[in-house]
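Trainee: mind looking at a prediction? Sequence and model below.
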Amino acid sequence: MTAPRQICPGKTYFVTRRCTQRQFLLRPSPETNTLFGYVLAVAAKRTGILVHTCVVMSSHVHLVLTDPEARLPEFSQYLWSLVARALNASLGRWESLWAPSSYSAVQLETAESIVGETAYALANPVKAGLVRSGREWPGLWLAPEHVGTPVVFERPAFFRTEGPMPEAAQLTLTPPPGFTADEYRTRVEAELAASEEKARASIASSGRGFLGIRRVLAQDPTTSPRTHEPRRNLSPRVAARDRWRRMEALARLRSFQSAYREARARFSAGIRDALFPAGTYLLRVMHGVRCEAPS
């Protein structure tokens with residue numbers, strides 16, 4: 001059984017979702033960029049999610065976001081399912097768009113980890129050997145330089161004009177909690193520049209070149225990268241560059257999981273007033289179980 005997620009208000013996450021078999025189903029195009037941006041904007045508005053960064057690669061998505069109201073699962077279910085339906089319709093396919101594993105949501109414990117994961121996401125097109133700078137990426141690439149500036153996405157043709165979806169959706173990136181807009185931009189831009197320079201040097205030393213925009217756009221959406229990934233990777237739940245902060249966060253997570261298992265066993269045994277730990281999500285939403293208040 002998958003370990004339960006602890007969903008508490010006000011947490012910042014690095015979220016990743018991959019396409020099935022690592023296929024290029026999100027290959028950049030004006031239609032795909034608009035579709036993902038539109039659904040992201042609608043999903044964020046519905047659930048109060050604050051988006052800080054978004055990078056849509058051909059085979060996966062990275063988001064850095066904050067969840068003020070502890071509604072990340074609701075946001076994710078809406079976003080991934082609606083993008084899949086609309087994109088599958090445009091591609092004329094019926095199979096699952098996303099890899100069978102769930103999305104990854106790594107809780108970012110420190111300002112350094114927020115900056116680091118933001119820069120990691122934005123440098124992805126360069127590290128993958130696709131373009132020389134993330135700003136050249138033809139897919140959706142929303143960086144801290146966009147913070148505070150609304151980005152408007154028109155309703156894609158997939159959605160009925162007489163339906164409930166708005167004619168346009170507006171997404172405004174915000175700085176993460178604890179950052180001013182200027183501080184977030186400055187720190188991320190410095191780390192991004194260093195990451196991209198390191199990636200360019202690594203690619204040059206290996207004798208490889210960059211694929212380039214033209215060949216990226218010409219890729220068949222149903223193909224996959226030629227590189228191989230390990231069949232099983234670690235799936236972290238927390239990230240902190242400071243060792244002690246990371247250890248503290250892992251200890252809290254283990255404590256939550258232990259308390260959850262005990263409460264779940266009591267609940268399954270018929271004790272309906274079993275008290276679940278703060279951050280319990282699915283059983284609280286689906287069955288109204290009693291939960292401790294967030295600290």
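Mentor: Sure thing, it's come through.
Trainee: can you list the domain ranges for this structure.
Mentor: 11-241, 245-291 (automatic domain parsing).
Trainee: tell me the most buried of those?
Mentor: Across the domains of the chain, averaging neighbours per residue (mean count of other Cβ atoms under 10 Å) puts domain 11-241 on top, at a mean of 18. Quick note: C-beta positions are derived from backbone N, CA and C, even for glycine.
Trainee: gap between that domain and the chain center?
Mentor: Taking Cα atoms, centre = their mean, to the nearest Å, one finds the center of domain 11-241 at 6 Å from the center of the full chain.
Trainee: swap in stretch 281-295?
Mentor: On Cα atoms, centre = their mean, the centre of stretch 281-295 falls 24 Å from the chain's centre.
Trainee: so how far is the first residue of stretch 92-111 from its last?
Mentor: Chord length of stretch 92-111, first to last residue, is 43 Å (Cα to Cα, to the nearest Å).
Trainee: can you check stretch 280-295 too?
Mentor: Note: stretch 280-295 ends 13 Å apart using Cα to Cα.
Trainee: how about the strands in this structure?
Mentor: Counting by DSSP state E, the chain has these strands, from start to end: 11-18, 50-56, 60-67, 104-108, 141-142, 151-154, 168-171, 238-239, 275-276, 290-291.
Trainee: the inter-axis angle of the third one versus strand 104-108?
Mentor: Think strand 60-67. For strand 60-67 against strand 104-108, the angle by axes from the mean of the first three to the mean of the last three Cα atoms, to 10 degrees is 40 degrees.
Trainee: run me through the strand neighbours of strand 60-67, direction for each.
Mentor: Sheet partners assigned to strand 60-67 using DSSP bridges are listed as strand 11-18 (antiparallel), strand 50-56 (antiparallel).
Trainee: let me see the mean pLDDT of the first one.
Mentor: What it means is strand 11-18. Strand 11-18 shows a mean pLDDT of 96.
Trainee: hang on, the earlier thing: need the strands paired with strand 60-67 in a markdown table with distance to residue 199, can you?
Mentor: Formatted as a markdown table, those follow (distance: least, Cβ to Cβ, whole Å):
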| stretch | distance to residue 199 |
| --- | --- |
| strand 11-18 | 18 |
| strand 50-56 | 14 |
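Trainee: how near is the closest residue to residue 123 other than its chain neighbours to residue 116?
Mentor: Leaving out its chain neighbours, the residue that sits closest to residue 123 by Cβ to Cβ, 6 or more residues apart in numbering is residue 195, at 4.0 Å. Using Cβ to Cβ, to the nearest Å, residue 195 is found at 9 Å from residue 116.
Trainee: out of the strands of the chain, the one nearest residue 212 is which?
Mentor: strand 141-142 (15.9 Å; Cβ to Cβ).
Trainee: other residues contacting the closest one?
Mentor: 51, 53, 54, 55, 56, 122, 125, 134, 135, 151, 171, 173 (Cβ atoms under 8 Å, 6 or more residues apart in numbering).
Trainee: return the member of those residues nearest to residue 207.
Mentor: When the contacts of strand 141-142 are compared for distance to residue 207 (Cβ to Cβ), residue 125 wins out at 19.9 Å.
Trainee: so who does that closest one touch?
Mentor: Here residue 125 is in contact with 55, 57, 131, 134, 136, 137, 139, 141 (Cβ under 8 Å, 6+ apart).
Trainee: TSV for those, including pLDDT and distance to residue 270?
Mentor: Putting the contacts of residue 125 into TSV (pLDDT from 0 to 100; distance: Cβ to Cβ, whole Å) gives the following:
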residue	pLDDT	distance to residue 270
55	98	47
57	98	48
131	98	58
134	97	54
136	97	60
137	98	54
139	98	51
141	98	52
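Trainee: now, which of these sits nearest residue 223?
Mentor: The closest of the contacts of residue 125, once distances to residue 223 are taken by Cβ to Cβ, is residue 57, at 14.1 Å.
Trainee: the closest one - nearest residue in space that isn't next to it in sequence?
Mentor: According to Cβ to Cβ, 6+ apart, the nearest residue to residue 57 is residue 124 (5.8 Å).
Trainee: what distance do you get for that neighbour to residue 60?
Mentor: Counting by Cβ to Cβ, the gap from residue 124 to residue 60 is 9 Å.
Trainee: next one: residue 7
Mentor: 22 Å.
Trainee: average pLDDT across stretch 255-262?
Mentor: Rounded mean pLDDT across stretch 255-262 is 83.
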